[in-house]
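Colleague: fold the following, please.
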Amino acid sequence: MSKTSIANIVETDFEDWRQMFLDFANLHGFTPTPEGVARTWGWLCDPMHPETGLIVRLGDKVVGFVHYRLQPSALRGTQILYLDDLFVSETHRGSGMADDIMDHLREIAQGHGCSAIRWDTHATNERARRFYERHAKNTNWITYEMSVKS
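Modeller: Numbers count the residues shown, from 1 in each chain. As a prediction, this is how the structure comes out:
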């Protein structure tokens, strides 16, 4: 029987991660540029950059990834873990793998002394919202995004 493993992303994971990342972007109606993909990969592989990545395998097959970062929470006066992206391949959704990922993130957060894990999901992503609501409460905060022209 194959077992799920969750580990830090390493350089040799690039091709598997890249395909999953493009699937993730497509799921959200986004087309990243090759430069953007390369930049994100560079962040994930740079131990000095705050963005960190995990790769999820079932046996030797990559079936998902996670991007997260630690950040201060001024109101709490503590650090939190911010979950930027969580993706499990379509064929493995509903398998309990995402529950394993959330448990793993909780352990990472505890290890860093974080007081909470926070993330956003799209209001129309009903399947993800049902999953997330099993693990956390909806804070009812509304996210805004202001474009910055370069």
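
Colleague: and the strands in this protein?
Modeller: For the chain, the strands defined by DSSP state E occupy 4-8, 52-58, 61-73, 78-88, 117-119.

Colleague: so which of these comes closest to Thr143?
Modeller: Closest approach to Thr143 among these (Cβ to Cβ): strand 117-119, 10.5 Å. Yep, even glycine has a C-beta here, placed from its N, CA and C like the rest.

Colleague: adjacent strands (with direction) for that closest one?
Modeller: Taking DSSP bridges as the criterion, strand 117-119 forms sheet pairs with strand 78-88 (parallel).

Colleague: give me the contacts around the partner strand.
Modeller: Strand 78-88 is contacted from outside by 20-21, 23-24, 27, 51, 56, 63-73, 95, 97-98, 101, 105, 108-109, 112-119, using Cβ atoms under 8 Å, 6 or more residues apart in numbering.

Colleague: tell me the buried residues in that strand?
Modeller: Neighbour counts over strand 78-88 (16 or more other Cβ atoms under 10 Å) mark Gln79, Ile80, Leu81, Tyr82, Leu83, Asp85, Leu86, Phe87, Val88 as buried.

Colleague: next, format the residues you listed as TSV and append pLDDT and distance to Val10.
Modeller: Compiled in TSV, those are given as follows (pLDDT from 0 to 100; distance: Cβ to Cβ, whole Å):
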residue	pLDDT	distance to Val10
Gln79	97	25
Ile80	96	25
Leu81	97	20
Tyr82	96	22
Leu83	96	20
Asp85	96	18
Leu86	95	19
Phe87	94	18
Val88	94	20
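
Colleague: ok so, going back, any idea which of the strands of the chain is most buried?
Modeller: Mean neighbour count, computed with mean count of other Cβ atoms under 10 Å, is highest for strand 52-58 among the strands of the chain, reaching a mean of 20.

Colleague: how far away from the center of its chain is it?
Modeller: Chain-centre distance of strand 52-58: 9 Å, with Cα atoms, centre = their mean, to the nearest Å.
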